[in-house]
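Enquirer: structure, please.
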Amino acid sequence: MSGSLASIAGATVVARGLEGAALHEVVRVGRAGLLGEVVRIERDCCTIQVYEETLGLAPGEPANATAEPLVVELGPGLRGRVFDGLQRPLADLARSGGDFLARGAFAPALDRDALWDFESALRPGDAVEPGALLGTARPAGGGAPEPVLVPPGVRGVVRTAGPCRATVIDPVVRLEDGATLALSHRWPVRVARPVRRRLTCDLPFLTGQRVLDCFFPVAAGGAAIVPGGFGTGKTVLEQALAKFAAADVIVYVGCGERGNEMTELLDEFPRLADPRSGRPLLERTVLVVNTSNMPVAAREASMYTGVTIAEYFRDCGLQVALMVDSTSRWAEALREMGSRLAEMPGEEGYPTYLGTRLLQFYERAGRAVPLSGAGEGSITIVGAVSPAGGDFSEPVTQASLRAAAALWALSPELAQRRHFPAIDWSRSFTLDAPRLDAWFAREAGADWAERRDEAMRLLQREHELDEIAQLVGVEALRDPERIVLEAARLLREGFLRQNALHPVDASCPPAKTILMLRAILHWARGAAAAVERGVPLRAILSTGLDRRLVRLGETPAADLAAAAPALAAEIEATLAGLERA
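Expert: Predicted coordinates for the structure are as follows:
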């Protein structure tokens, strides 16, 4: 179906003659064949949001409908690839057209030349069910096998199937009705992929960061938001999660971020070693990159592209972590598109449906049994938010709070003091902790929740005393109050802060986390008891125990587990043996 352009306003164009075009249908615009999407239909006019730069477009140029919405290709070979927001492979386009993305440039998402050795899981006469395991595909040159799935909505009976060597688009299974199945299939990005059954999210998404796993855990299949101003470490935290979080696959969406940040990311990820395999981290990562200088329509689509890829890996029975940096830039794209369409603005100019769109996106997280019925998979979404001026009351942060189960608020004050991760424990929260306490009690220690609550009370007491100390000075406080400040300092510097560059302290398992927390709180209780007996504060600090406890994070988990009983006994004996002044 063909039409012609009637008007052009930036990235928004109006075409006539596309009778029968559907909302969200992809259209090729102009002689350059620019990709666009129908966002409004009025009588014989279709308003199209173009995904690419429209400079040079003129009225009268053709507009050709493709009769399908924006889709992504799903199949073996996705991992380790870098795409733009429309799933165009950037490395392939760079090889064919140079480092600058040409308008109208296109390349298939999956390599058409790569050969795969396919082993079918079905035999002639077997029934084909939607989402079932079709077989496995292994790179012809050697490598790990990847599952091949029957597309949702496809049913039939197998006529022919067997081992073969094929590309991702070659038919590998033929059905009785004549239909064929290939290693890959396509799926519209704005439609959530179906599952057999949703599961309760009662298993933790382990991040390796003590402050998150202990104080503000999020369930596997849940969602967390990370709001923070410029320089608070949002991108660094998400990269740490990508490296150490308990996920089989990482899907990282760089949505509207600065080009130099994305360049650094693209340079860093191939050189980061995966702690699981020792191989480059990029091998289990899919990067969807859409920088701030790219058209806003493609930025808006990039989040849907990323979550659809994540859903495919979930359907393969894998645990997926979806990192979005940042949803604020996505919301700004919505605002710009809404203003061009003259839609009714809401708060701060954002469209009135901002909250609904964010909720729909975060609802695609979850833990589920895939259509195949084999195993389970999950998608955990961690969305960074960039509130202007660090104001958490702005619309994007508030709308995200309604969708997420955890808030990991970043503090500029902590970042300035070089405390990383700069999680503000006074503003952060989680709704998942009660349902996850049973898992942590079983896997890490029965006193997990009790020790966490004790530490939180200690930090709260420090906050109250700190306000008094700022008025009268620390020296004016009594020793029982000063020992609270010392214990909280030890908790902050020895437990909540982690050295991302240290080979041991960069990631911390739950078993080590509870051992560290027990030791620090044991010191805090013993020191408080010594002060009550009349032991001066300087005598307690002169033992040097606090300096040793600050460095517990650098001790390997196995060594700390072996030394924990002796350390607890030493703390108790040393503090009990101190004499009164």
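Enquirer: CA atoms for contacts and neighbours, from now on please.
Expert: Will do.
Enquirer: pLDDT below threshold where in this protein?
Expert: Judged by pLDDT under 70, the chain has its weakly predicted residues at 580-581.
Enquirer: pull the longest helix from it.
Expert: helix 448-472 (DSSP state H).
Enquirer: distance from that helix to the middle of the chain?
Expert: Centroid displacement of helix 448-472 relative to its chain, using CA atoms, centre = their mean, to the nearest Å, is 31 Å.
Enquirer: repeat for stretch 502-514
Expert: With CA atoms, centre = their mean as the basis, the mean position of stretch 502-514 lies at 21 Å from the chain mean.
Enquirer: buried set for it?
Expert: By neighbour count on 16 or more other CA atoms under 10 Å, the buried set for stretch 502-514 is 505-514.
Enquirer: show me the contact partners of that stretch.
Expert: 207-210, 213-214, 244, 440, 443-445, 448, 451, 498-500, 553-557, 560-561 (CA atoms under 8 Å, 6 or more residues apart in numbering).
Enquirer: the strands in the stretch 301-450 of the chain, which residues?
Expert: Ranges of strands within the stretch 301-450 of the chain are 319-325, 366-369, 377-385, 406-407, 429-430, based on DSSP state E, counting those that start in this stretch.
Enquirer: coming back round to it: from the contacts of stretch 502-514, which would you call buried?
Expert: Buried among the contacts of stretch 502-514 (16+ other CA under 10 Å): 207-210, 213-214, 244, 440, 444-445, 448, 451, 498, 500, 553-554, 557, 560.
Enquirer: which of the buried residues of stretch 502-514 lies closest to residue 308?
Expert: Residue 308 lies nearest to residue 507 out of the buried residues of stretch 502-514, by CA to CA, at 28.9 Å.
Enquirer: tell me the SS of that closest one?
Expert: Under DSSP: H, G, I helix; E, B strand; the rest coil, the three-state class of residue 507 is coil.
Enquirer: from residue 89, how far off is it?
Expert: 32 Å (CA to CA, to the nearest Å).
Enquirer: the strands of the stretch 301-450 of the chain: which one's closest to residue 202?
Expert: Comparing those by CA to CA, strand 366-369 comes nearest, at 9.3 Å.
Enquirer: quick one on the thing from earlier: and the longest helix of the chain, what does it pack against?
Expert: helix 433-443, helix 479-491, helix 510-532 (3 or more CA pairs under 8 Å, 6 or more residues apart in numbering; DSSP states H and E).
Enquirer: export those to TSV and tack on distance to residue 261?
Expert: Shown next, in TSV, are the helices and strands packed on helix 448-472 (distance: least, CA to CA, whole Å):
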stretch	distance to residue 261
helix 433-443	33
helix 479-491	32
helix 510-532	32
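Enquirer: out of the ones you listed, which gets nearest to residue 97?
Expert: helix 510-532 (48.3 Å).
Enquirer: how far away is the closest residue to residue 439 other than its chain neighbours from residue 442?
Expert: Spatial nearest neighbour of residue 439, chain neighbours left out: residue 203 (6.8 Å); criterion: CA to CA, 6 or more residues apart in numbering. Relative to residue 442, residue 203 is positioned 12 Å away (CA to CA).
Enquirer: what domains does the record give for the protein?
Expert: Using automatic domain parsing, the domain parsing of the chain gives 2-69, 74-93+195-430, 111-183, 444-576.
Enquirer: end to end, how far does the second one reach?
Expert: Distance between the two ends of domain 74-93+195-430: 33 Å, counting by CA to CA.
Enquirer: neighbours of residue 474, how many?
Expert: Around residue 474 there are 16 other residues, counting by other CA atoms under 10 Å.
Enquirer: an error on my part: the question was meant for residue 393.
Expert: 11.
Enquirer: same deal with residue 16?
Expert: 20.
Enquirer: what residues sit buried inside the longest helix of the chain?
Expert: For helix 448-472, by 16+ other CA under 10 Å, it's 448-449, 451-452, 455-456, 458-459, 462, 465-466, 469.
Enquirer: now the angle from it to helix 510-532?
Expert: With axes from the mean of the first three to the mean of the last three CA atoms, to 10 degrees applied, the angle from helix 448-472 to helix 510-532 works out at 50 degrees.
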